[in-house]
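Fold the stuff below for me.
(chains A and B)
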Amino acid sequence: MKLSKFLLATLLSSAVVGVQAQTKPVKQKTKIVAKKAIPKKPVAKVKTMPIPINKDPDHYYCPPCGKG
Amino acid sequence: MNKPYLGISIMPEHDFLQAVLPLLQDGDIETIEWSFDTIKFEKYKPKWLNRLLQEYADNNRLIGHGVYYSLFQAKWSKEQANWLKKLKKEVEKYNYRHISEHFGFMSDHVDHHKGCPFPVPLNKTTLAIGIDRLQRLQDAAQLPVGVENLAFSFSKYDVKRQGEFITKLIEPINGFVILDLHNIYCQSENFGIEMMDLIDCYPLDSVKEIHISGGSWQESVYQGVIKRIRRDTHDGNVPKKIFDVLPAVLQKCKSVEFVIFEKMGNSFQKPGDFVDYRNDFNKLKNIIENTTLKFEAKEWGNKIIPPKNPIEDGLLFTEQNLLSRTLLESSNYKELLSKISLKNWEIDKWDPRMIDTAIALSKKWS
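Purely as a prediction, here's the structure:
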């Protein structure tokens, strides 16, 4: 099925963002988190971070099937 | 429709998106299956996924696959009622073609997300419970409903009977079967039965969807002999035997509409995994294109209204929980057998290696 150009562009940019998020040096990532988390609600900030889901699958995502 | 649509089970991980993106760009993904209950909160669903689901739904190419309904849980629970409420919202949001679920009950009856599916005794009680739950599912979704065969069995005796049981299970709702060929492969390898012999036990006229995936091996030692147990972990490449049987299976399943390729989103560990994923998909594409098929259209589903009160069985529920808990607390089959006595299951027929596998499964997902 051919997808719309708009959707393909969205997918492409999301894939690129994902790569960037995963390849960022750990130190730099921590620094950014701390910066964002300092204000009033640090816990909420951490939750909305773009953490790749596969880094912590049990936290909020349960794998479909494959439980065999 | 001459050929089934070839599609994928979509995953929210970035790695998965990267693996599948070239196939999406080439227009090779004809359909998408979404396990709508695997994300606990909507805010954790990536935006690209919502857009992708919407596009396939708008083109009538989206199918839904439940994991956590717990079809055979012997006591109706709030969690199941909530699951149906969420399903209603989901089918209002997206135009799904059908909804399916897995055979078995979830080992954690309080939080299904924490457990894993285990088989039930194949008797009149479980059949009545399963039919009741499927009727509720169909009534909530107002769509055709199907059931997937399970990868795991405690005994060879049950493996051979699962097909016949599923035939009876789907009949009242005019439902369909998802024939998961890797699940068949697991049973075939673990119990020494030819894949086609097992496949022929299922109601092949009722197969609307076929699942293809890979898995992994676990070593099990019994009476000093090491045996490999095949597990449905969806993290490896598709075994050659599955590609080999697929043409014959497609010809036997004349009403199959979808072939879905599954791989876990967190299983792309090295660069080669991305290439392997696309290679396996392209092998499936070639097989479907090069197999001569005679499609027979079939009507699915009906308007049957479920009984007001859910069917329940107190003893079975107690034993389901006892089994789940004992699996979690035991370190091997000997320990489990020394602790447990069940009226609903024929424990004397259970394969010790499969008990050990169930213990490993239980600990992994608890």
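
Report the contact partners of B:Tyr333.
With contact set as C-beta atoms under 8 Å, 6 or more residues apart in numbering or on different chains, B:Tyr333 has these partners: B:Pro352, B:Arg353, B:Ile355, B:Asp356, B:Ile359. Any C-beta I mention is one placed from the backbone N, CA and C, and that applies to glycine too.

Could you measure from it over to chain A?
Here the distance between B:Tyr333 and chain A works out to 18 Å (C-beta to the nearest C-beta, to the nearest Å).

what does B:Ile193 give?
When C-beta to the nearest C-beta is applied, the distance between B:Ile193 and chain A equals 17 Å.

Could you count how many residues lie near B:Ile184?
If you count neighbours by other C-beta atoms under 10 Å in any protein chain shown, B:Ile184 ends up with 28.

Show me the contacts of B:Tyr333 that map onto helices.
Under the assignment DSSP state H, those contribute B:Pro352, B:Arg353, B:Ile355, B:Asp356, B:Ile359 to helices.

Just send those back as TSV, with pLDDT, neighbour count and distance to chain A too.
Output for these, formatted as TSV (pLDDT from 0 to 100; neighbours: other C-beta atoms under 10 Å in any protein chain shown; distance: C-beta to the nearest C-beta, whole Å):
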residue	pLDDT	neighbour count	distance to chain A
B:Pro352	94	17	18
B:Arg353	92	20	15
B:Ile355	94	23	15
B:Asp356	92	22	14
B:Ile359	92	20	14
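
does B:Ile178 belong to a helix or a strand, and which?
Per DSSP states H and E: B:Ile178 is located in strand B:176-180.

Kindly export that strand (C-alpha atoms) in PDB.
The C-alpha atoms that make up strand B:176-180 are tabulated as PDB, following Å, rounded to 0.1, in the frame of the first residue of the first chain:
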ATOM      1  CA  PHE B 176     -11.900 -17.200  12.700                       C
ATOM      2  CA  VAL B 177      -8.600 -18.700  13.500                       C
ATOM      3  CA  ILE B 178      -5.200 -17.100  13.400                       C
ATOM      4  CA  LEU B 179      -2.900 -19.900  12.500                       C
ATOM      5  CA  ASP B 180       0.500 -18.900  14.000                       C
END
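
So which residues make contact with it?
In contact with strand B:176-180 (C-beta under 8 Å, 6+ apart) are residues A:65, B:65, B:98, B:100, B:144-149, B:151, B:166, B:170, B:199, B:202-204, B:206-211, B:213, B:232, B:249, B:253, B:300.

Would you tell me what the next helix or strand after it is?
Read in the C-terminal direction, the helix or strand following strand B:176-180 is helix B:181-191, with elements assigned using DSSP H and E.

any idea which residue of chain B is furthest from its center?
Centroid-distance maximum for chain B: B:Gly224 at 32.9 Å, with C-alpha atoms, centre = their mean.

Nearest to B:Glu79 among the contacts of B:Tyr333?
For B:Glu79, the closest of the contacts of B:Tyr333 turns out to be B:Ile359, at 24.4 Å, with distances computed as C-beta to C-beta.

contacting residues for that closest one?
Under the contact definition (C-beta under 8 Å, 6+ apart), the residues listed for B:Ile359 are B:Leu327, B:Leu328, B:Ser330, B:Ser331, B:Asn332, B:Tyr333, B:Leu336.

Can you select the buried ones among the residues you listed for me in PyMOL?
To isolate the buried ones among the contacts of B:Ile359 in PyMOL, judged by 16 or more other C-beta atoms under 10 Å in any protein chain shown, type:
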select buried, chain B and resi 327+330+333+336
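
Check the contacts of B:Ile359 and tell me the two furthest apart.
Maximum pairwise distance in these, criterion C-beta to C-beta, is 14.1 Å, between B:Leu328 and B:Tyr333.

ok, which stretches of the stretch 251-366 of chain B are helices?
If you assign secondary structure with DSSP state H, counting those that start in this stretch, the helices in the stretch 251-366 of chain B sit at B:271-290, B:314-329, B:333-339, B:352-365.

Please tabulate the ones you listed in TSV, including the columns distance to B:Ile131.
Formatted as TSV, those follow (distance: least, C-beta to C-beta, whole Å):
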stretch	distance to B:Ile131
helix B:271-290	33
helix B:314-329	15
helix B:333-339	30
helix B:352-365	25
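
Assumed B:Leu169 was part of a helix.
Yes: under the criterion used here (DSSP: H, G, I helix; E, B strand; the rest coil), B:Leu169 sits inside a helix.

what about it, neighbour count?
The local packing of B:Leu169 (other C-beta under 10 Å) involves 25 other residues.

Could you pull up the contacting residues of it?
So B:Leu169 contacts B:Leu127, B:Gly130, B:Ile131, B:Leu134, B:Val147, B:Gly175 (C-beta under 8 Å, 6+ apart).

same check, this time on B:Arg231
With contacts taken as C-beta under 8 Å, 6+ apart, B:Arg231 has the following neighbours: A:Gly68, B:Ala151, B:Cys186, B:Gly215, B:Ser216, B:Trp217, B:Gln218, B:Thr357, B:Leu361.
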